[in-house]
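Novice: Build me a model from this:
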Amino acid sequence: MIRIKAGVPRRTRPRKRARRPLRRALALGLPTVWGAIAITYKLTCPLAQQNSLGARIVTSAVFFAVGTGLIVQVRRSLLRELRQIRQIAGAAQNALLRPLPPRLDGLNIAAAQLSAERGAVVGGDLYEVIATEHGVRVVMGDVRGHGIAAIGTVAAVLGSFREAAHDEPDLEGVLRRLERALARHLRERARAEHPATGALDPDSPVAEEFVTVLLLEIGADGELRALNCGHPWPYRLSGTGAEPLARADPLPPLGPFPLPAVLPFVCCGQLLPGEALFLYTDGAEDARDARGCFFPLADVLAEVVGQHSLPVPQSVLGSVFTALLRHTGGTPTDDVAILVVRNDRKSKCTNPGARGTARQATTPPHPTNYPQHNGV
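Specialist: Residues are numbered from 1 along each chain as shown. Predicted coordinates:
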């Protein structure tokens, strides 16, 4: 689809198209001109035929100038291609990790991703927040590897979640949809890389792919339910500090092992008005400084929360990323994604001690429909 900017006359578009052949001609013609100058000087200039010291100095200066011109031209071409690649990567990133709305169903949201590859804007982390008739559903994931190679896996998992979040009445169904989507994606990659066999070779890198996934469901009353496949548990941010949302052992990551027959969700109490959830990928906790010390994420969160009476998602996001870049010297070794969700809904008459503690359900979850809450 071609987008036309408002207020730009149509007659300007052919001029832009006409510039492309001119740029290509310049990219090919300038190196040719520099080479022709060097050859012409060597064959036709009498000074180039002499063996005196002065003649050699002049000849060396001419060829040095020609070589410098070629290097400058090649450098400009490479920089131009790099800018185009970054623009394409940015468009792909926006299509996959589309910008989240600042407010959704009474929740204040802020999210960002930092790629480990120098100059890249894409990575292997994924996140999404969707308001459904079953509650607000959140996914946070981390694909093995980073950069361009992880884009296909991120697209498969996110695309499946965006549909399953609306279709499935419980988190168990959403997680199984993600598992099937990942399995299809890996089979298609295997057929593309090994068309002769068309099978997934256990020794191939594709067979070693996996994705850690955290699914959260926030009900209209702030009730939290979660399913965790190998992902770090988020932190709950409140006026009293930062504490892990749950301590239950997660399931294995998606990919290497099939999901068990029964998927008991984890009850995480309630997200009270004014409280926030800090979701992240393991690149934040695993980041090291020059001495090999890990990034003290819990201490940083406690310090950030202590500076504000209410955790502001945008402020938390900026403070943690600033501290992380300072800790790693501006060069993290793994992708980092952070998502902060604060409950800005109006307080209801509930028992203050009803939040409870995180516990694992002993029976499979029953479908529960939460009424859509549009108040703030």
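
Novice: can you give me the strands in the stretch 101-250 of the chain?
Specialist: 103-104, 107-114, 125-132, 135-143, 211-218, 223-229, 235-238, 241-244 (DSSP state E, counting those that start in this stretch).

Novice: and these as JSON lines, adding distance to R162 and mean neighbour count?
Specialist: The way it works is simple: take the backbone N, C-alpha and C, and place the C-beta from them, glycine included. JSON lines is the format used below for those (distance: least, CB to CB, whole Å; neighbours: other CB atoms under 10 Å):
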{"stretch": "strand 103-104", "distance to R162": "14", "mean neighbour count": "13"}
{"stretch": "strand 107-114", "distance to R162": "15", "mean neighbour count": "20"}
{"stretch": "strand 125-132", "distance to R162": "7", "mean neighbour count": "22"}
{"stretch": "strand 135-143", "distance to R162": "9", "mean neighbour count": "26"}
{"stretch": "strand 211-218", "distance to R162": "13", "mean neighbour count": "25"}
{"stretch": "strand 223-229", "distance to R162": "17", "mean neighbour count": "23"}
{"stretch": "strand 235-238", "distance to R162": "25", "mean neighbour count": "23"}
{"stretch": "strand 241-244", "distance to R162": "28", "mean neighbour count": "16"}
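
Novice: can you redo those strands as JSON lines with distance to R288 and mean pLDDT?
Specialist: Formatted as JSON lines, the strands of the stretch 101-250 of the chain follow (distance: least, CB to CB, whole Å; pLDDT from 0 to 100):
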{"stretch": "strand 103-104", "distance to R288": "35", "mean pLDDT": "95"}
{"stretch": "strand 107-114", "distance to R288": "15", "mean pLDDT": "92"}
{"stretch": "strand 125-132", "distance to R288": "18", "mean pLDDT": "94"}
{"stretch": "strand 135-143", "distance to R288": "17", "mean pLDDT": "95"}
{"stretch": "strand 211-218", "distance to R288": "20", "mean pLDDT": "96"}
{"stretch": "strand 223-229", "distance to R288": "25", "mean pLDDT": "96"}
{"stretch": "strand 235-238", "distance to R288": "20", "mean pLDDT": "95"}
{"stretch": "strand 241-244", "distance to R288": "21", "mean pLDDT": "92"}
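
Novice: Out of the ones you listed, which is closest to R76?
Specialist: strand 107-114 (28.9 Å; CB to CB).

Novice: That closest one pairs with which strands, parallel or anti?
Specialist: strand 103-104 (antiparallel), strand 336-343 (antiparallel) (DSSP bridges).

Novice: quick one: the closest residue to H166 other than its chain neighbours and L104, what's the gap?
Specialist: Leaving aside its sequence neighbours, H166 sits nearest to T132 (CB to CB, 6 or more residues apart in numbering; 5.1 Å). As defined by CB to CB, to the nearest Å, T132 lies at a distance of 11 Å from L104.

Novice: V154 now?
Specialist: Distance of V154 to L104, computed by CB to CB: 21 Å.

Novice: on that earlier part again, the residue nearest to H166 reaches A165, doesn't it?
Specialist: Yes: assessed by CB atoms under 8 Å, T132 is found in contact with A165 at 5.5 Å.

Novice: In contact with P232: list those residues for me.
Specialist: L214, Y280, T281, D282, E285 (CB atoms under 8 Å, 6 or more residues apart in numbering).

Novice: Likewise for F295?
Specialist: F295 sits next to A284, E285, D286, A287, R288, D289, A323, L324, H327, T328 when contact means CB under 8 Å, 6+ apart.

Novice: quick one: buried residues of the helix or strand hosting the first one?
Specialist: Okay, so that is A284. Assigning secondary structure by DSSP states H and E places A284 in helix 282-285. The neighbour-count check on helix 282-285 (16 or more other CB atoms under 10 Å) flags D282, G283, A284 as buried.

Novice: by contact count, what packs against that helix?
Specialist: strand 336-343 (3 or more CB pairs under 8 Å, 6 or more residues apart in numbering; DSSP states H and E).

Novice: now the strand it packs on: mean pLDDT?
Specialist: Per-residue pLDDT over strand 336-343 has a mean of 95.

Novice: Report the angle between it and strand 211-218.
Specialist: Orientation check (axes from the mean of the first three to the mean of the last three CA atoms, to 10 degrees): strand 336-343 against strand 211-218 gives 10 degrees.

Novice: Return the distance of the very next helix or strand once past the helix holding A284 from the chain's centre.
Specialist: Later in the chain than helix 282-285, the nearest helix or strand by DSSP H and E is helix 297-306. Taking the mean of its C-alpha atoms, helix 297-306 sits 23 Å from the chain's own mean (CA atoms, centre = their mean, to the nearest Å).

Novice: repeat for stretch 162-182
Specialist: Using CA atoms, centre = their mean, the offset of stretch 162-182 from its chain centre is 21 Å.

Novice: Could I get the buried residue list for it?
Specialist: 164-165, 168, 170-175, 177-179, 181-182.

Novice: Widest-spaced pair of the residues you listed?
Specialist: Maximum pairwise distance in these, criterion CB to CB, is 19.3 Å, between D170 and L182.
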